[in-house]
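S.K.: here is my input; please provide its structure:
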Amino acid sequence: LEQRRSMEEWQRWAVRVVVLGMIVAVVIPNLPAEYLYPIKVRVAVQLFGWQGLANIVRDQAGERLLGQKLTKSRAAFHDFLDVLELYDAEFLSPSRAITTTADIADGVAHGVGLLASAAELYFFDDVTRPRFRRYVDADRKFLGDNPDTHYYMASLDPHKYDYEFTGCLLQETYFSLAVYESNGVGGYPSRSSSDLNDEQLSLDENRCFRVWLSQSVTSPSGEEVLLLEESYTLITRHYFEHEQTAAIDPSVEVSLSIRAVPKAGASAVEEDLDARVARKLETMTNFFHSHSTNRSTVDPAMAPSWFSLVPNVLGKPDMHQVRHGSKTGGAGAPDIAYSAGPWQLEPHQGLLIQGIVPTCRFFNIVLWNRFLQTLDYQQFPVSANRVQLGLNVADPWSTFEIVLSHTRPPRGHPYANTFWLYTEERPSGTIFIRYVLPDGVVSPSPHNGEFVPAPNATVISIA
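M.R.: Below is the predicted model:
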């Protein structure tokens, strides 16, 4: 019996020696000096304990033999990495007319922006504890952003929660909120199922409001109701017409708050950390994929009438969506009319754009690259609103004139003093004009009985 006990003791010490040897060989390899080994081992034991170190050695040996341990979060992370690889292989490919070095660079930058947005909007947010986050900003751009606007977004789960939304109007020229349906949380907005603008909200003496978001038509305290139906995204739009571009103006503030209220009878789902991280990664994957590779290329026959496909021609302004009852398709707001078209210029050429601004709540013109991202408005003049153009916002029928070119018209040029927009020396891109709640688009203008015509664009020489 005594020999057996002695043998067991030696076996325990042998196991410890083997474990220590494997720790030295696997966990802390290539140390610069042998005399550091006892220190490293002692620290490792203090941090993990003998059992912890044994688990590390065991799992490392297992990974070498059998591969990584598969968990829900790791599997979801691998799926996300697959979508990133697919973006490079398919979205940034000649099948989508991505051929030049500049196209690829723009596309890679677009992908990085989508990655940052996926993390900001969906990994760090939660439908159970939502808070408003900037949808786009000066660095994260997608879906046709606007330098004169602050967009905010909150994720929703219409089946398990109602939401109480409160806010106050501060400096906005125009404000609206809209909820969007999609293929689950993070999906590409397929249509706006319900919306309200500042003219439809009930404001108190402080210009504050309260809205109840629900699949039910009634609210608990009589607030205005925004029907969610199958909506997973709430987007607010705060438009500003200031001399300083609003998206990068630190003095611009908004006042918003949202609170999730569990529905009566909705079963709470308990999630451990692994499941919660996996769910957030799945949402990120849905967002990234649906906003890139999974978006089909545009059929020219399906382009809206206000979007010209002819270079250096702009479409006639029209409301942005074809309405289906009170519902609209796409990611835009029902209150906005658009005019758009591509520019295509040689280095010595410019585009003279002349048009009409009717009575409206907001107007601006913006330059985009092919991925629907504004050009660099932090450094260059790539957009203009009425204030920046020197127009009278109260004028019911004013005219504007802009020169778009690779270089500013030189002194002595006929358009040297015309408001200038910089193409960043890009040979092509998109000109995009917004008119919010305009007269003269759906029906003739009360001012003169006319419809707003398409802006006129003329190629000119900048030499």
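S.K.: hey, let's count contacts and neighbours off CA atoms from now on
M.R.: Fine.
S.K.: where does the protein have low pLDDT?
M.R.: Counting by pLDDT under 70, the chain contains low-confidence ranges at 1-41, 44, 50, 53, 267-269, 321-331.
S.K.: how about the strands in the stretch 201-350 of the chain?
M.R.: 208-214, 224-227, 231-239, 255-262, 318-319, 323-324, 327-329, 336-344, 349-358 (DSSP state E, counting those that start in this stretch).
S.K.: next helix or strand past the longest one?
M.R.: Counting by DSSP states H and E, the next helix or strand C-terminal to strand 349-358 is strand 362-368.
S.K.: name every strand pairing with the very next helix or strand once past that next one and say which way it goes.
M.R.: Once strand 362-368 ends, the next helix or strand along the chain (criterion: DSSP H and E) is strand 383-385. Strand pairing for strand 383-385, using DSSP bridges, gives strand 362-368 (antiparallel).
S.K.: list the buried residues in the partner strand.
M.R.: 362, 363, 364, 365, 366, 367, 368 (16 or more other C-alpha atoms under 10 Å).
S.K.: just stretch 101-108 next, same as before
M.R.: 103, 104, 106, 107, 108.
S.K.: how about stretch 273-286?
M.R.: 276, 277, 278, 279, 280, 281, 282, 283, 284, 285, 286.
S.K.: tell me which of these fall in helices.
M.R.: 276, 277, 278, 279, 280, 281, 282, 283, 284, 285, 286 (DSSP state H).
S.K.: now those residues in a markdown table, with distance to residue 376?
M.R.: Formatted as a markdown table, these follow (distance: C-alpha to C-alpha, whole Å):
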| residue | distance to residue 376 |
| --- | --- |
| 276 | 37 |
| 277 | 34 |
| 278 | 35 |
| 279 | 34 |
| 280 | 31 |
| 281 | 30 |
| 282 | 31 |
| 283 | 29 |
| 284 | 26 |
| 285 | 27 |
| 286 | 28 |
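S.K.: ok, so of the residues you listed, who is nearest residue 448?
M.R.: residue 286 (48.5 Å; C-alpha to C-alpha).
S.K.: please tell me how far the closest one sits from residue 182.
M.R.: Noted for residue 286: a distance of 10 Å to residue 182, by C-alpha to C-alpha, to the nearest Å.
S.K.: try residue 230
M.R.: Counting by C-alpha to C-alpha, the gap from residue 230 to residue 182 is 8 Å.
S.K.: ok, now which ones touch residue 110?
M.R.: For residue 110, the contact set (C-alpha atoms under 8 Å, 6 or more residues apart in numbering) comprises 141, 142, 371.
S.K.: my bad, should have said residue 218
M.R.: Contacts of residue 218 by C-alpha under 8 Å, 6+ apart are residue 225.
S.K.: same check on residue 69?
M.R.: Per C-alpha under 8 Å, 6+ apart, neighbours of residue 69: residue 63.
S.K.: for residue 253, same thing?
M.R.: 170, 171.
S.K.: how many neighbours does the residue lying closest to residue 392 once chain neighbours are set aside have?
M.R.: With sequence-adjacent residues excluded and distances taken as C-alpha to C-alpha, 6 or more residues apart in numbering, residue 392 is closest to residue 386, at 7.2 Å. Residues lying near residue 386 (other C-alpha atoms under 10 Å) number 19.
S.K.: against residue 244, how distant is residue 386?
M.R.: Counting by C-alpha to C-alpha - residue 386 and residue 244 are separated by 12 Å.
S.K.: what's the answer for residue 215, then?
M.R.: For residue 215 relative to residue 244 (C-alpha to C-alpha), the value is 40 Å.
S.K.: ditto for residue 42
M.R.: Distance from residue 42 to residue 244, by C-alpha to C-alpha: 60 Å.
S.K.: which one of the two has more residues nearby?
M.R.: Counting neighbours by other C-alpha under 10 Å for residue 42 and for residue 244 shows that residue 244 has the greater number, 16 against 11.
S.K.: residue 67 - how many residues pack around it?
M.R.: 11.
S.K.: for residue 43, same thing?
M.R.: Quick note: residue 43 (other C-alpha under 10 Å) scores 12 neighbours.
S.K.: does it count as helix, strand or coil?
M.R.: helix (DSSP: H, G, I helix; E, B strand; the rest coil).
S.K.: what about the helices in the protein?
M.R.: Going by DSSP H, the chain shows helices at 2-22, 37-66, 72-86, 101-118, 273-290, 386-389.
S.K.: packing partners of the second one?
M.R.: In terms of contacts (3 or more C-alpha pairs under 8 Å, 6 or more residues apart in numbering; DSSP states H and E), helix 37-66 is packed against helix 2-22.
S.K.: re the thing from before, out of the buried residues of strand 362-368, who's nearest residue 350?
M.R.: residue 367 (13.9 Å).
S.K.: shouldn't that closest one be in contact with residue 380?
M.R.: No - Residue 367 lies out of contact with residue 380 (C-alpha atoms under 8 Å); the separation is 11.0 Å.
S.K.: surely residue 80 and residue 282 touch.
M.R.: Yes - counting by C-alpha under 8 Å, residue 80 does reach residue 282; the two are 7.4 Å apart.
S.K.: what's the overlap in contacts for these two?
M.R.: With C-alpha under 8 Å, 6+ apart, residue 80 and residue 282 have no common neighbours.
S.K.: distance of residue 122 relative to residue 285?
M.R.: 10 Å.
S.K.: repeat that for residue 75.
M.R.: 12 Å.
S.K.: what do you get for residue 442?
M.R.: Taking C-alpha to C-alpha, one finds residue 442 at 39 Å from residue 285.
S.K.: top of the contacts of residue 110 by number of neighbours, please.
M.R.: That'd be residue 141 among the contacts of residue 110, by other C-alpha under 10 Å, with 23 neighbours.
S.K.: who's in contact with that residue?
M.R.: Counted by C-alpha under 8 Å, 6+ apart, residue 141 has contacts 110, 113, 114, 373, 374.
S.K.: rerun at 6 Å
M.R.: residue 373 (C-alpha atoms under 6 Å, 6 or more residues apart in numbering).
S.K.: residue 428 now?
M.R.: So residue 428 contacts 343, 344 (C-alpha under 6 Å, 6+ apart).
S.K.: tabulate the strands of the stretch 201-350 of the chain (a markdown table), appending distance to residue 163.
M.R.: Shown next, in a markdown table, are these (distance: least, C-alpha to C-alpha, whole Å):
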| stretch | distance to residue 163 |
| --- | --- |
| strand 208-214 | 5 |
| strand 224-227 | 10 |
| strand 231-239 | 10 |
| strand 255-262 | 5 |
| strand 318-319 | 29 |
| strand 323-324 | 26 |
| strand 327-329 | 21 |
| strand 336-344 | 26 |
| strand 349-358 | 37 |
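S.K.: nearest to residue 178, of those?
M.R.: Going by C-alpha to C-alpha, the one of those nearest residue 178 is strand 231-239, 5.5 Å.
S.K.: is residue 311 in contact with residue 340, as I believe?
M.R.: No - between residue 311 and residue 340 there is no contact under C-alpha atoms under 6 Å: 10.5 Å.
S.K.: looking at these two, which one has more neighbours?
M.R.: Taking neighbours as other C-alpha under 10 Å, residue 311 and residue 340 compare with residue 340 leading, 27 against 15.
S.K.: do I have it right that that one meets residue 310?
M.R.: No - Residue 340 lies out of contact with residue 310 (C-alpha under 6 Å); the separation is 10.3 Å.
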